[in-house]
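Participant: test case, fold it:
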Amino acid sequence: MDQDRLFPADPTTRAIARELYAEVRGLPLISPHGHVDPAMLADDVALPDPAALFVTPDHYLTRMLYSQGISPLRLGVPDRDGRVHAGPREAWRTFCEHWYLFRGTPSRLWLEESLAGIFGVTRPLGPATADEVYDELAARVADPEFRPRALLRRFGIEVLATTDSPLDSLEHHAKLAAEGWGGPEKRVIPTFRPDAVTDPSRPDWLASVIRLGEITDNDTGSYSGYLAALARRREDFKRAGATATDHGTPTAQTADLEPAGAARLYDRLLRDAAEDGPDPADAELFRAQLLTESARMSVDDGLVMQLHPGAQRNHDRYLYAEFGPDSGGDIPVATDYVHALRPLLDRFGDDPRLRLVLFTLDESAYSRELAPLAGVYPAVYLGPPWWFYDSPEGMRRYRELTTETAGFYNTVGFNDDTRAFPSIPVRHDVARRVDCGFLARLVAEERLPADEAAEVARDLAYRLPKRAYRLDGPDAGSDAP
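Facilitator: This is a model prediction of the structure:
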């Protein structure tokens, strides 16, 4: 890979970017939000075959191929009944035959850098090389040096946060902590993702609420008992090392109902869930109320609150019917933040004890809504480009659209938000290169001194994520670096 990749083409600016990148390339990785399976790390099992490692679980890849008429079944994706219709080598060959579809995409960049930088595989992908690359990768993943914990050390990951159900036993995190992976130098920590019990539109919501009560020994048949159960689970996660919660809602709508009104809404939802299902308006109002309740709890317990709204889930009905949820058929939608967040911000937006990290799939909201919100409310921070916009172009647009209003220090640096464990160092490297390129332009235009740009580069890569996610304690980073 070219050592100047992703740097500006102008020679003067490129030279500055190169110097800035030298300041950050060796810094430890802070991964405060992601979806790596903690069981993989707890059990330290060997990585799977190349197709299962790189292709089958990657929605960026499978959705692109599906858009060209290639069924996920040919890529080893299990159908809704769990049956697999293509073997790993066959799936890998199908993928390599259509590698040309990824020209110019971030998927190609991530995969090529992962193959070369992590596994030492530099042979170009394509139909003619599919079997050779497959065999080379299969040999690598069988080597103990490529076990998950060995890679965790090699990647230089200081903190890795997983995303976990409120019903999770946290046994894998307990095992990791007992074996030395819970200390200050190498931490694998959970993140509290309560959607299973806060979204009444889910088919299993009622069963999950009942189970929440059983786990916490609270009566979730009442709203007060339900809130107590949530608070108890948050405390369980915090004891296991969690510093954050994560909320994946369709919208950013919040509400601030009177306690009696919230209790009546909850009772109605319990009744409707046991019969024909909830009214959609009730479900939306409850999700909105629970975001404000979660902010209140964050003020009390110090957990950082992340909000990931704006995805129309399972928009492709065929993919959902044949392969279930999270199969690549999700689409971004326009998202309102200014009006939607007002009830929550009226109560807690000026409280420094709350740290609310906002993400978006609606780039038009960055300069119009999100940067101005972060630029005034002490509680609000901006998360990095996410999902569809986790790309060099998306990262550049993000800095251009937010910096003039929110600056750098109302953002949280970078987090990778990935399920693909081997891609973590690559994604961080891409973000560091893009940020260095953006800062180099400011230096070249005499808008920022070189020494300050170097400090900002280090802050974006390392200090800001630690500060934002309180990874050095509940009061960490209360002041700007």
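
Participant: hmm, residue 242 is touching residue 190, no?
Facilitator: Yes - with contact defined as CB atoms under 8 Å, residue 242 and residue 190 form a contacting pair (4.8 Å). Bear in mind the C-beta positions are built from the backbone N, C-alpha and C, glycine included.

Participant: mutual contacts of these two, please.
Facilitator: Residues touching both residue 242 and residue 190 (CB atoms under 8 Å, 6 or more residues apart in numbering): residue 161.

Participant: can you give me the strands in the chain?
Facilitator: Ranges of strands within the chain are 29-31, 157-161, 187-189, 244-247, 304-307, 311-312, 331-332, 356-358, 380-382, based on DSSP state E.

Participant: need the CA coordinates for the fourth one. PDB is fine.
Facilitator: Only the C-alpha atoms of strand 244-247 are listed here, as PDB (Å, rounded to 0.1, in the frame of the first residue of the first chain):
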ATOM      1  CA  ALA A 244     -21.500   4.000  28.000                       C
ATOM      2  CA  THR A 245     -25.000   3.100  26.900                       C
ATOM      3  CA  ASP A 246     -26.100   2.900  23.200                       C
ATOM      4  CA  HIS A 247     -29.600   3.600  21.800                       C
END
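
Participant: how far away from the center of its chain is it?
Facilitator: 10 Å (CA atoms, centre = their mean, to the nearest Å).

Participant: number the chain from 514, please
Facilitator: Taking 514 as the first residue, the last one we looked at is strand 757-760.

Participant: tell me the mean pLDDT for it?
Facilitator: Mean pLDDT, strand 757-760: 98.

Participant: contacts for it, please.
Facilitator: By CB under 8 Å, 6+ apart, strand 757-760 touches 545-546, 674, 676, 704-708, 711, 747, 804, 807, 811, 816-821, 870, 982-983.

Participant: tally of neighbours for residue 902?
Facilitator: 20 (other CB atoms under 10 Å).

Participant: how about the one 3 residues further on?
Facilitator: Burial measure for residue 905: 17 neighbouring residues, criterion other CB under 10 Å.

Participant: go on, the one 10 residues further on?
Facilitator: One way to gauge burial is a neighbour count; for residue 915, by other CB under 10 Å, it gives 21.

Participant: and for residue 756?
Facilitator: Neighbour tally, residue 756, other CB under 10 Å: 27.

Participant: now do the same contact list for it.
Facilitator: Taking CB under 8 Å, 6+ apart, we find residue 756 in contact with 545, 674, 702, 815, 816, 817, 982, 983, 984.

Participant: burial measure for the first one, as a count.
Facilitator: This points to residue 545. Neighbours of residue 545 using other CB under 10 Å come to 27.

Participant: just residue 670 next, same as before
Facilitator: Using other CB under 10 Å, residue 670 has 21 neighbouring residues.

Participant: give me the distance between the closest residue in space to residue 527 that isn't next to it in sequence and residue 950.
Facilitator: Once flanking residues are discounted, residue 527 sits nearest to residue 520: 4.7 Å by CB to CB, 6 or more residues apart in numbering. Using CB to CB, to the nearest Å, residue 520 is found at 5 Å from residue 950.

Participant: so for these two, which residues contact both of them?
Facilitator: 526, 530.

Participant: looking at these two, which is more packed in?
Facilitator: residue 950 (25 against 21).

Participant: contacting residues for the more buried one?
Facilitator: When contacts are taken as CB under 8 Å, 6+ apart, residue 950 is in contact with 519, 520, 521, 526, 530, 909.

Participant: having no further points to raise, I will conclude here.
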